[in-house]
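[1] generate coordinates for the sequence data below:
(one chain, ligands or ions: 1)
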Amino acid sequence: MHIVLGVTGGIAAYKAPDVVRRLRDVGADVRVILTPNAARFVSPLALAAVSGNGVIIEQWGHSGHGGVDHIELARWADLLLVAPATANMLAKLAVGLADDALSTYAIAHRGPIVVAPAMNTSMLQHPAVQMNLAVLRERGVIVLDPDSGLLACGDEGSGRMPDPPVLADFVKQQFATRDLEGRSILVTAGPTREPIDPVRFISNRSSGKMGYAMAEAARRRGAKVTLISGPTAIPAPAGVAFTRVMTAAEMHKAVMDALPSQQIVIKAAAVADFTPVAVADHKIKKQADVDETTLTLKKAPDILADIGASSPRLFIVAFAAETDSVESNAREKLVRKNADLIVANDVADPSIGFDSDQNAVTVIARDGSSTKIERAAKIVVANRILDLVVERL
Ligand code: PMT
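    Purely as a prediction, here's the structure:
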């Protein structure tokens, strides 16, 4: 594993020597490119010592790395990891600017690129940063979502660089054998929206992040992936067949249509259990003398139960979102929905599960065994879940 580690000028740059050490622990040979701003936060000497290689800082006439220029380095490298990635570097990568050693190298680099954005939450949420991340994702760059917690500026929120062992583990996962090559996998993600009238609907807090991470991880491991998604703010991932749906009934139809060519189904979507009996043609008006009203609901199609009944040869991974008795409720659903594995999410914890960048789950198998997956970025959790699928195929 030949890794180029690009370090940019955010406070998390101080963790770079540990990132190098962890990468070496998982068997990587590491060369570091520091931006001049990053060199204010972390010593090039320390990075040279832990990597065992010279560190590149200057775009021109860089010395101390064996005379290798960015084209030669690109021939050597298997993967570019930019961690931490500042808003400035994300913008340069998105538009292809090449005005320092790292952004120039990124243009020359031909293998996979992983970026780990790290910055203050409000900077991360700025539309320009989000747009640059969307552009990079669309281009196939892997964006490792930041962790949430206490930030260097004292704020609480999303924007922390994942810990060095998590980064190293993720990089290692990118070199895993393409163990899902030749497999067709259907993934569902996101919420459904059940309309009440033309302007109102019933829905839930699912963002789609977990399901999209499952689709992305499966694609990278060689699977042919079909992603059927409810309404989310996430762009369609590159390289997967993508269908957008709105309601549980639409998701049911899309899943059933796609099912005959699938071998594995991963149901991460949070599908409505009930839907209004009737949808009003016009916006329902508030009446001055009415203090209470009743909405009559009927059962929505149970997609998973129908899959289990119609295609016994499929390998089925269900998800369960629970607020109490998480494991026992998930075990009951595993049996009722006829799944092979069920991923139990504790959605009472706002820092994981719904709409968070991280998750921590317990995966329960049909034989009763269970595996805890510790808190990590959803893409890391997705790969762990796929490890368990592959073990059982
Ligand atoms: O999307 P994120 O913000 O990243 O959040 C991730 C998540 C918490 C939504 C996700 O990981 C998760 O737990 N998804 C399942 C949520 C859910 O609907 O759980 P459930 O216990 O209600 O349903 C159990 C299973 O049956 C699920 O696989 C679900 O897709 C399926 N189901 C449910 C109802 C229905 N009508 N049809 C179904 O197929």
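
[2] so what's the closest residue in space to Ile142 that isn't next to it in sequence bridging to?
    Once flanking residues are discounted, Ile142 sits nearest to Val114: 4.5 Å by C-beta to C-beta, 6 or more residues apart in numbering. The way it works is simple: take the backbone N, C-alpha and C, and place the C-beta from them, glycine included. Note on Val114: beta-bridge partners Leu81, Ile142, judged by DSSP bridges.

[3] what is the burial count for Val114?
    Val114: 21 surrounding residues under other C-beta atoms under 10 Å.

[4] before we move on, what about Gly149?
    Neighbour count for Gly149, taken as other C-beta under 10 Å: 12.

[5] please, which helix or strand holds it?
    Counting by DSSP states H and E, the element that carries Gly149 is strand 147-150.

[6] which bits of the stretch 151-300 of the chain sit near the ligand?
    190, 206-211, 248, 267-271, 273, 300 (C-beta under 6 Å from any ligand atom).

[7] in strands only, show me these.
    Lys267 (DSSP state E).

[8] narrow the residues of the stretch 151-300 of the chain next to the ligand to those in helices?
    Under the assignment DSSP state H, those contribute Lys209, Met210, Gly211, Ala248 to helices.

[9] nearest residue to the last one in space, please, no chain neighbours.
    Spatially, and ignoring its direct neighbours in sequence, Ala248 is nearest to Ala300 (3.8 Å; C-beta to C-beta, 6+ apart).

[10] wait, that neighbour sits on Asp273?
    Yes: look at Ala300 against Asp273 with C-beta atoms under 8 Å: they come within range, at 5.9 Å.

[11] more crowded one of these two?
    Taking other C-beta under 10 Å, Ala300 and Asp273 do not tie; Ala300 has more neighbours (20 against 14).

[12] okay, His62: pLDDT?
    Looking at His62, its pLDDT stands at 55.

[13] on the three-state scheme, Ala116 is what?
    Under DSSP: H, G, I helix; E, B strand; the rest coil, Ala116 falls in the strand class.

[14] I'd say it and Leu144 touch.
    Yes: taking C-beta under 8 Å as the definition, Ala116 is a contact partner of Leu144 at 4.5 Å.

[15] which residues are in contact with each of these two?
    Ala83, Pro162, Leu167 (C-beta atoms under 8 Å, 6 or more residues apart in numbering).

[16] name the nearest of those residues relative to the ligand.
    Using C-beta to the nearest ligand atom, Pro162 comes nearest to the ligand of these, at 16.6 Å.

[17] does the closest one really touch Pro146, like I thought?
    Yes: using C-beta under 8 Å, Pro162 makes contact with Pro146 at a distance of 7.1 Å.

[18] before we move on, back to that, and which of the shared contacts of Ala116 and Leu144 is nearest Glu322?
    Nearest to Glu322 out of these is Pro162 (C-beta to C-beta; 25.8 Å).

[19] pretty sure that closest one belongs to a helix, no?
    No: going by three-state DSSP, the assignment for Pro162 is coil, not a helix.

[20] now it: how far from Ala272?
    Distance, Pro162 to Ala272, by C-beta to C-beta, to the nearest Å: 33 Å.

[21] which residue ranges make up each domain of the protein?
    If you go by automatic domain parsing, the domain ranges for the chain are 2-174, 184-280+288-392.

[22] mean pLDDT for these: which is lowest?
    Looking at those, the bottom one is domain 2-174 with a mean of 91.

[23] tell me how far it lies from the chain's centre.
    From the chain centre to the centre of domain 2-174 is a distance of 18 Å (C-alpha atoms, centre = their mean, to the nearest Å).

[24] got the buried residues for stretch 94-105?
    By 16 or more other C-beta atoms under 10 Å, the buried positions in stretch 94-105 come out as Ala94, Ala98, Asp100, Ala101, Leu102, Ser103, Thr104, Tyr105.

[25] could you do stretch 299-308 as well?
    In terms of neighbour count (16+ other C-beta under 10 Å), stretch 299-308 has its buried residues at Ala300, Pro301, Asp302, Ile303, Leu304, Ile307, Gly308.

[26] list just the nearest of those to Ala318.
    Nearest to Ala318, judged by C-beta to C-beta, of the buried residues of stretch 299-308 is Leu304 at 5.7 Å.

[27] how about the contacts made by the closest one?
    Taking C-beta under 8 Å, 6+ apart, one finds Lys267, Ile316, Ala318, Lys337, Ala339 in contact with Leu304.

[28] these two touch, right, the third one and Ala344?
    No: applying C-beta under 8 Å as the test, Ala318 and Ala344 come out as separate, 9.6 Å apart.

[29] angles on the backbone of Asp78, please.
    phi -100, psi -30 (degrees, to the nearest 10).

[30] for it, which non-adjacent residue is spatially closest?
    Of all residues not flanking Asp78 in the chain, His2 sits nearest, at 4.7 Å (C-beta to C-beta, 6+ apart).

[31] look up phi and psi at the one you found.
    phi -100, psi 110.

[32] thought it was touching Ala28?
    Yes: using C-beta under 8 Å, His2 is in contact with Ala28, at 7.4 Å.

[33] these two: who's more crowded?
    With neighbours defined as other C-beta under 10 Å, His2 and Ala28 compare such that Ala28 has more, 21 against 14.

[34] and the more buried one, what does it touch?
    Residues near Ala28 by C-beta under 8 Å, 6+ apart: Met1, His2, Ile3, Ala168, Val171, Lys172.

[35] does the last one touch Gly27 like I think?
    By that I understand Lys172. Yes: contact criterion C-beta under 8 Å: Lys172 and Gly27 qualify, at 7.5 Å.

[36] shared neighbours, these two?
    Joint contacts of Lys172 and Gly27 (C-beta under 8 Å, 6+ apart) are Met1.

[37] neighbour-wise, which of these two wins?
    Neighbour tally, Lys172 and Gly27, criterion other C-beta under 10 Å: the higher count belongs to Lys172, 17 against 10.

[38] so what's the more buried one up against?
    Contacts for Lys172 (C-beta under 8 Å, 6+ apart) come out as Met1, Val26, Gly27, Ala28.

[39] strands paired with the strand holding Gly149, and their directions?
    strand 156-160 (antiparallel).
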